[in-house]
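**Student:** For reference, the sequence and a predicted model appear below.
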Amino acid sequence: MKKENKIGCCGIDCGLCPRFYTIGSSACPGCCGLNFREKHPTCGFVTCCVNKKGLETCADCDEFPCSRFDKERHGFDSFVTHQKVFSNLNDIKTGGLKFFIDRQRIRMELLKDFLARFDDGRSKSFYCLACALLPIDRLQDCQQFIHTITGSADVKQKSKMLKDRLQQTANDLNIELSLNNRNK
């Protein structure tokens, strides 16, 4: 089986997905994590990559990218973390899985900090999206900024300040962080 459940064999950022941080029955354990088959019983990527070929990711396959990726190539899948499957797998192919996982851990630590200190109960999906799509250095800038200015503000105020800063960063980079306007 897979060693890393936080990166899908297909390149999905499982460790940056809102469902990975959900508490309750809709929580996802990540790719091939505990009870994965109950949540995703028919995942063709896992069947081919992990079960049949014994690979950690599709980047390790000689046939990548195969026809399984046709939906992602044409933008039909609106699942946010699918936006980065090709860049993630290409990064794994060129830099190796360890390098990629180390970078993703930085993103996940930033996300965990945002969720622990700045989640107003309505921001998890936005923070996950920002941590998946924005460059690490810009996320770190936002983190440093928000830690220096929040002072005695309550969680709701802190959350608004962080979301505003992340959104401004995304705007500066021409990155869409709105879940509502995706793939129209």
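**Tutor:** Noted; the coordinates are in hand. Numbers count the residues shown, from 1 in each chain.

**Student:** Same question for whichever helix in the chain runs longest: list its buried residues.
**Tutor:** For the chain, the longest helix by residue count, based on DSSP state H, is helix 97-118. Buried residues in helix 97-118, defined by neighbour count with 16 or more other Cβ atoms under 10 Å: Leu97, Phe100, Ile101, Gln104, Arg107, Met108, Leu110, Leu111, Asp113, Phe114, Leu115, Phe118. All C-beta atoms are positioned from the backbone trio N, CA, C, and that covers glycine.

**Student:** what's around Lys163, how many residues?
**Tutor:** Neighbour count for Lys163, taken as other Cβ atoms under 10 Å: 21.

**Student:** Kindly report the same for Lys124.
**Tutor:** 17.

**Student:** ok, it to Leu115 distance?
**Tutor:** Here the distance between Lys124 and Leu115 works out to 6 Å (Cβ to Cβ, to the nearest Å).

**Student:** just checking, what packs against the longest helix of the chain?
**Tutor:** Counting contacts by 3 or more Cβ pairs under 8 Å, 6 or more residues apart in numbering; DSSP states H and E, helix 97-118 is packed against helix 85-95, helix 124-133, helix 136-149, helix 155-172.

**Student:** most packed of those helices?
**Tutor:** helix 124-133 (a mean of 22; mean count of other Cβ atoms under 10 Å).

**Student:** Distance from the chain centre to it, please.
**Tutor:** Centre-to-centre, helix 124-133 and its host chain are 7 Å apart (Cα atoms, centre = their mean, to the nearest Å).

**Student:** what angle do that helix and helix 136-149 make?
**Tutor:** Angle, helix 124-133 to helix 136-149, by axes from the mean of the first three to the mean of the last three Cα atoms, to 10 degrees: 130 degrees.

**Student:** Go ahead and produce CSV holding the CA coordinates of helix 124-133.
**Tutor:** Extracted in CSV, the C-alpha atoms of helix 124-133 (Å, rounded to 0.1, in the frame of the first residue of the first chain):
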residue,chain,number,x,y,z
LYS,A,124,-11.9,26.0,6.6
SER,A,125,-12.6,25.5,2.9
PHE,A,126,-11.2,29.0,2.1
TYR,A,127,-8.0,28.3,4.1
CYS,A,128,-7.6,24.9,2.4
LEU,A,129,-8.0,26.5,-1.0
ALA,A,130,-5.6,29.3,-0.3
CYS,A,131,-3.0,26.8,1.1
ALA,A,132,-3.4,24.6,-2.0
LEU,A,133,-3.1,27.3,-4.6
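
**Student:** which helices and strands does that helix pack with?
**Tutor:** Using 3+ Cβ pairs under 8 Å, 6+ apart: helix 124-133 touches helix 97-118, helix 155-172.
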